[in-house]
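>>> Got a predicted structure plus its sequence, pasted below:
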Amino acid sequence: MFLSIVLACISPNVLSCTVAANVNDMFSTKEECLVDAIKAKDAFLESGLYAKAGCIKLEVMGTAA
């Protein structure tokens, strides 16, 4: 599963940045995830922010019985 994320910044200074994650939707392929991330990135760019999109692969963590 993949998690869609966007790094959005008010200025080029890293201290102005925040990370937004789409925690409501998980994607089974990286391609599907990138479509969502790029759509969110474009929305941030249109509002005048700096933005970078990406996806994080989530691994299933189990517990030993």
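It's in.
>>> In which helix or strand does Asp36 reside?
helix 30-46 (DSSP states H and E).
>>> Run through the residues that contact Thr29.
Thr29 makes contacts with Phe2, as judged by Cβ atoms under 8 Å, 6 or more residues apart in numbering. C-beta: built from backbone N, CA, C; applies to glycine.
>>> State the distance from it to Cys55.
Going from Thr29 to Cys55 by Cβ to Cβ, to the nearest Å gives 9 Å.
>>> With Ser16 instead?
Relative to Cys55, Ser16 is positioned 23 Å away (criterion: Cβ to Cβ).
>>> Of those two, which one has the most company?
Under the criterion of other Cβ atoms under 10 Å, the comparison of Ser16 against Cys55 puts Cys55 first, with 20 against 12.
>>> helices or strands next to the one helix or strand that one maps to in the packing?
According to DSSP H and E, Cys55 maps onto strand 50-57. Packed against strand 50-57 by the contact rule (3 or more Cβ pairs under 8 Å, 6 or more residues apart in numbering; DSSP states H and E) you find strand 2-9, helix 30-46.
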